[in-house]
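Participant: pasted the sequence and its predicted model underneath.
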Amino acid sequence: MEVYSWDIVQATILSQAEVAGTPIPESFFERNNFFSPEGLGCELTFFEGTSANGVFELLVSSNDAKKLAEYVSQEYLGTSGRLTLSGITPHVYTTITPCTIRTPQQYTKALQKVKKRNKANERLRDAIAMWKNAADLINSKRYVFISFDIEVYEMDHKILLELGWSMFDSQTNRYMDQHYINNSYRHLSNGRFVDDQKLKFMFGVSVWASLDQALTEFRKDLDWCVRRDGGYILVGHGLENDIKFLAMQKFKWPGAGGRGSHTDVNRSAVTASLDTETLYGAYSNCLHNPPSLGRSMDSLNLDSWCLHNAGN
């Protein structure tokens, strides 16, 4: 069965009518008219399918598309000319399935499905690109990878209880780990909704300090990376959330070349940001409802310890 992209069919009919000097009314393809009980759209056979380059599309049978072009020719062009769809190149589509469209609402729903699927596919392609970029950055053995984490108070997310980070120097294959506990809230602990692991740092000695002191030490390590390598790689699980918590504290990231500071991490000396939620989505071929860090590591047979400690 031969099918055409519905978008291409519409565009071809409109453009050919305009070239013929008899443009059809703009309202012709308007969904409330086209898919009204007496509308032409209700007589067409629609499908959904994926093209060879991975684009999800709304399709129409080639026979119905040609009948539609013939109707427009007779109704609007008269002796001015005749529309032809012979210039449309048929594409190969996979997983073609029927799509019932008999009302404007069904048409809207079909278009929303197409948009949602393509957006998901685009996100997955970006995730796979991030995965490949991560591998290239590791293999280049040039930068320090800085994985940082924040633990907030479960009853008030404006209160930061812990800040931890692990630095992997890809040039020397060395790990350096830090864990700071906010001594201003020594009396607060999680445990009702989130495990309390703040005293279970597994990779060194925890430091009780003010939040300002912890952020100062974090900035010192970032500055060292910039001085040596010109940039650094950020790593995190749900990285955007942790970046937002730092933004709430007015944290300033080092600028490129060690010049200046920026509250916007994207304007800083960061070379790349790698979110392990996204990387796992690329690995599993699914970005929907990403699993927690613990469940991601379990599925990869990786050991983990006390993950609700920011230093781990």
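Facilitator: Yep, it's here.
Participant: please identify the buried residues of stretch 245-263?
Facilitator: 245, 246, 249, 251, 252, 253, 254, 262 (16 or more other CB atoms under 10 Å). From N, CA and C alone the C-beta is placed, and that goes for glycine too.
Participant: where does the protein have low pLDDT?
Facilitator: 79-80 (pLDDT under 70).
Participant: now do 80
Facilitator: Applying pLDDT under 80 to the chain picks out residues 1, 22-23, 26, 78-81, 86-87, 90.
Participant: would you map the strands across it?
Facilitator: Here the chain has its strands, by DSSP state E, at 3-5, 46-51, 56-61, 93-99, 144-153, 156-169, 174-182, 207-209, 232-236, 253-254, 261-262, 270-275.
Participant: need those in CSV (columns: distance to residue 111).
Facilitator: Shown next, in CSV, are the strands of the chain (distance: least, CB to CB, whole Å):
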stretch, distance to residue 111
strand 3-5, 13
strand 46-51, 11
strand 56-61, 7
strand 93-99, 11
strand 144-153, 40
strand 156-169, 38
strand 174-182, 50
strand 207-209, 54
strand 232-236, 36
strand 253-254, 41
strand 261-262, 40
strand 270-275, 30
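Participant: of those, which is nearest residue 115?
Facilitator: Among the strands of the chain, strand 56-61 comes nearest to residue 115, with 8.9 Å by CB to CB.
Participant: care to break the protein down by domain?
Facilitator: 3-109, 141-299 (automatic domain parsing).
Participant: let me have those in JSON lines, extended by distance to residue 120.
Facilitator: Shown next, in JSON lines, are those (distance: least, CB to CB, whole Å):
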{"stretch": "domain 3-109", "distance to residue 120": "9"}
{"stretch": "domain 141-299", "distance to residue 120": "7"}
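Participant: identify the residues contacting residue 259.
Facilitator: Contact analysis of residue 259 by CB atoms under 8 Å, 6 or more residues apart in numbering lists nothing.
Participant: please report how far it lies from residue 232.
Facilitator: With distances taken as CB to CB, to the nearest Å, residue 259 is found 15 Å from residue 232.
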